[in-house]
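A.B. asks: predicted structure and sequence below. I'll ask about it afterward.
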Amino acid sequence: MKQLFSLVFLSFLVLTAINGDAQTSTFILMRHAEKDTSAQGSTMMQADPKLSPEGEARAARIPEVLKTFAPDAIYSTNFIRTKSTVTPLSKKTGKEIQVYDHRNLKGFAEELLKMEGKTVVVAGHSNSTPMLVNMLIKENKFPNLDESVYDTYWVVTVKDGKAEAKQMKY
């Protein structure tokens, strides 16, 4: 019996050495910074506004806010305001902004969850960002953000298939 236990324990040690510990994935999800709502006239400007001066200032602070993280990837929806929100982080880290489709959050969530051991920053919108957080943690925990809320982000960690989210302010 003692030999069987030793053999099982040794097998466990070998498998642990080969596979290593489960890796933790970290996803930082944020809504875009304040958008410029002063544009009157052009429908295109209203549909895809740039950041306001306040939004540009908030975006400039993001590299400092996220300084404890080393992103492996940065994602944004294909809108001026979301890309502009993570541009300072992209410049600081040298990571190119990759575009995801906010209309296919389920597929994007599945893609993110396959990124084991990675740190990923995602810029989205007042409705899509909390929805994506909920998909990653597999709970319906976070409601849409109010249109006036720009200072909220989530840090989602996934290890061994278990996810948890912390809602933060900056």
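C.D. replies: Arrived safely.
A.B. asks: touching, residue 144 and residue 126? I think so.
C.D. replies: Yes. Between residue 144 and residue 126 there is a contact under Cβ atoms under 8 Å: 5.8 Å. Bear in mind the C-beta positions are built from the backbone N, C-alpha and C, glycine included.
A.B. asks: look at the two and report which has more neighbours.
C.D. replies: Set residue 144 next to residue 126 and count neighbours by other Cβ atoms under 10 Å: residue 126 wins out with 17 against 14.
A.B. asks: helix, strand or coil for that one?
C.D. replies: Put simply, residue 126 is coil when judged by DSSP: H, G, I helix; E, B strand; the rest coil.
A.B. asks: just give the nearest non-adjacent residue to it, would you?
C.D. replies: Residue nearest to residue 126 in three dimensions, not counting chain neighbours: residue 145, with 4.1 Å by Cβ to Cβ, 6 or more residues apart in numbering.
A.B. asks: my read is that the one you found contacts residue 133, right?
C.D. replies: No. Using Cβ under 8 Å, residue 145 makes no contact with residue 133, being 10.7 Å away.
A.B. asks: tally of neighbours for residue 156?
C.D. replies: 23.
A.B. asks: give me phi/psi at it?
C.D. replies: Phi and psi for residue 156, reported as degrees, to the nearest 10, are phi -110, psi 130.
A.B. asks: need the strands for the chain, in chain order.
C.D. replies: Applying DSSP state E to the chain gives strands spanning 25-31, 73-76, 97-99, 119-124, 152-159, 162-169.
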